[in-house]
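S.K.: coordinates only, no sequence provided:
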């Protein structure tokens, strides 16, 4: 029968619970911990942490975002979804394949998820049955040119439930200039 767990045992369990290696919060070898006060201090800090959720943020963070009103905009809290395909965009957007031979096509709109890293740069588009098909550069898990449809954009939600939005301050321009400006603006 085991006795009362030692501080080192508790520290190891806490590291496993939070997905940390013991080295992350202490000396290179956890066995070298000899200062019980130091170990107790680390353990008390770790007990204050909340276990991570599916999306990597804690329930407290999600509740806080919900309480901010605009933080999480789900269908029940937002009465009108942003119009992604405006009359102005529709009038200025070239049909599919119109810029196919142009080496630096013009990007006419930018759609993005405010709660993740997905962005769609629209270069062309046209009606496709009851839907609207766009072509452009997609930055998500990979970066590539491809097709995407309006109904998918309107129904998609990010990890916090936020809808895809159209960048209201986006200025159309050649693809290379738009992408260079975006990368320059988002450098940390």
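M.R.: Nice, thanks for sending it over. Bear in mind the structure is a predicted one, so any value in this text is a computation, not a measurement.
S.K.: three-state assignment of residue 146?
M.R.: Per DSSP: H, G, I helix; E, B strand; the rest coil, the secondary structure class of residue 146 is strand.
S.K.: tell me which residues touch it, please.
M.R.: 135-136, 138 (CB atoms under 8 Å, 6 or more residues apart in numbering). C-beta here means a position set from N, CA and C on the backbone, and glycine is covered the same way.
S.K.: what's the answer for residue 181, then?
M.R.: Taking CB under 8 Å, 6+ apart, we find residue 181 in contact with residue 173.
S.K.: that older thread, from the contacts of residue 146, pick the one nearest residue 168.
M.R.: Within the contacts of residue 146, the smallest distance to residue 168 is 17.6 Å, found for residue 136 (CB to CB).
S.K.: about what we covered before: in ChimeraX, how would I select just the buried ones from the contacts of residue 146?
M.R.: To isolate the buried members of those in ChimeraX, using 16 or more other CB atoms under 10 Å:
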select :135,136,138
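S.K.: pLDDT and distance to residue 183 for the contacts of residue 146 - can I get that in TSV?
M.R.: TSV is the format used below for the contacts of residue 146 (pLDDT from 0 to 100; distance: CB to CB, whole Å):
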residue	pLDDT	distance to residue 183
135	97	21
136	96	16
138	95	15
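S.K.: among the contacts of residue 146, which are located in strands?
M.R.: For the contacts of residue 146, the ones inside strands are 135-136, 138, with DSSP state E as the criterion.
S.K.: from these, pick the one nearest residue 119.
M.R.: Nearest to residue 119, judged by CB to CB, of those is residue 138 at 7.5 Å.
S.K.: gap between that closest one and residue 120?
M.R.: Per CB to CB, to the nearest Å, residue 138 is found 5 Å from residue 120.
S.K.: overlap of the contact sets of these two?
M.R.: In contact with both residue 138 and residue 120: residue 148, using CB under 8 Å, 6+ apart.
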